[in-house]
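K.L.:
Give me coordinates for this.
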Amino acid sequence: MKVLTINGSPHLHGCTDRALQEFENTIAGCGIEVERVNVGNKDIRGCIACKFCREHGRCVFDDMVNETAPKFAEASGIIVGTPTYYAGSNGQLLAFLDRLFYSTAGTVDKTMKVGAAVVSSRRGGSTSAFDEINKYFTISSMPIASSTYWNEVHGFVAEDVEKDLEGLQTMRNLARNAAFMMKAFEALKAKEGIPQQERGSLTSFMNIG
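P.N.:
I've put the predicted structure just below:
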């Protein structure tokens, strides 16, 4: 099994990276393969709602969103890390997630893939960024892995995170929980398949005069 980790920070060796490292090292010890994708330092534009992906199965902008889609398809879980900007996530990361989740709606079955958000902040605003990322999972039938505290670390630079012993502990517990969930879900999927997903009903008031 494989877990895909997404670093939404422009700093490849910053606080978010340090949190993800702790997660990655721990889950690798649980027998889960890890693949990292760095998006925070890339030029990524937002979705333009052109619906190209609905017909062609990929985003009209042929960048790392399309490169990541096959990795997302084969992964049993995805962990998204972000720094906190104005009590929210990095804008490039959100543009990436909008396009990744929307453009793969017809090509990647996300049902029962494990998701988790990891957030870093100097002081405050992390919980709203945490909530922001979790919404991508909860609309996609993806169970969210939890830990013994909210999945966050604190610091201004990576060296500060080394002092956040509870934050690093939280990352390790998150990794163990995520590994347990992925193994359990994969075993049940092999035995029974995934739960039925109804898609027929769509509430829309656009045609009401």
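
K.L.:
Tell me the helices and strands packed up against the helix ranked longest in the chain.
P.N.:
Across the chain, the longest stretch assigned as helix under DSSP state H is helix 165-192. Judged by 3 or more Cβ pairs under 8 Å, 6 or more residues apart in numbering; DSSP states H and E, helix 165-192 is in contact with helix 15-29, strand 77-83, strand 114-121, strand 152-154. Bear in mind the C-beta positions are built from the backbone N, C-alpha and C, glycine included.

K.L.:
The longest one - contacts with which helices or strands?
P.N.:
It stands for helix 15-29. In terms of contacts (3+ Cβ pairs under 8 Å, 6+ apart), helix 15-29 is packed against strand 2-7, strand 33-38, strand 77-83, strand 114-121, strand 152-154, helix 158-161, helix 165-192.

K.L.:
Neighbouring strands - and their directions - for the first one?
P.N.:
According to DSSP bridges, strand 2-7 has the following sheet partners: strand 33-38 (parallel), strand 77-83 (parallel).

K.L.:
what would those strands look like in CSV with mean pLDDT, mean neighbour count and distance to residue 60?
P.N.:
Listed next are those as CSV, based on pLDDT from 0 to 100; neighbours: other Cβ atoms under 10 Å; distance: least, Cβ to Cβ, whole Å:
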stretch, mean pLDDT, mean neighbour count, distance to residue 60
strand 33-38, 98, 16, 20
strand 77-83, 98, 28, 23
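
K.L.:
Pipe those strands into a markdown table and attach distance to residue 94 per row.
P.N.:
Shown next, in a markdown table, are the strands paired with strand 2-7 (distance: least, Cβ to Cβ, whole Å):
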| stretch | distance to residue 94 |
| --- | --- |
| strand 33-38 | 15 |
| strand 77-83 | 9 |
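
K.L.:
nearest to residue 141, of the helices and strands packed on helix 15-29?
P.N.:
Of all the helices and strands packed on helix 15-29, strand 114-121 sits nearest to residue 141, with 10.1 Å by Cβ to Cβ.

K.L.:
Show me what the closest one packs onto, helices and strands only.
P.N.:
Applying 3+ Cβ pairs under 8 Å, 6+ apart, we find strand 114-121 packed against helix 15-29, strand 77-83, helix 126-138, strand 152-154, helix 165-192.

K.L.:
could you check the angle strand 114-121 makes with the third one?
P.N.:
Taking axes from the mean of the first three to the mean of the last three Cα atoms, to 10 degrees, one finds helix 126-138 and strand 114-121 inclined to each other by 160 degrees.

K.L.:
So which of the helices and strands packed on helix 165-192 is the most surrounded?
P.N.:
Across those, the average number of neighbours (mean count of other Cβ atoms under 10 Å) peaks for strand 77-83, which reaches a mean of 28.
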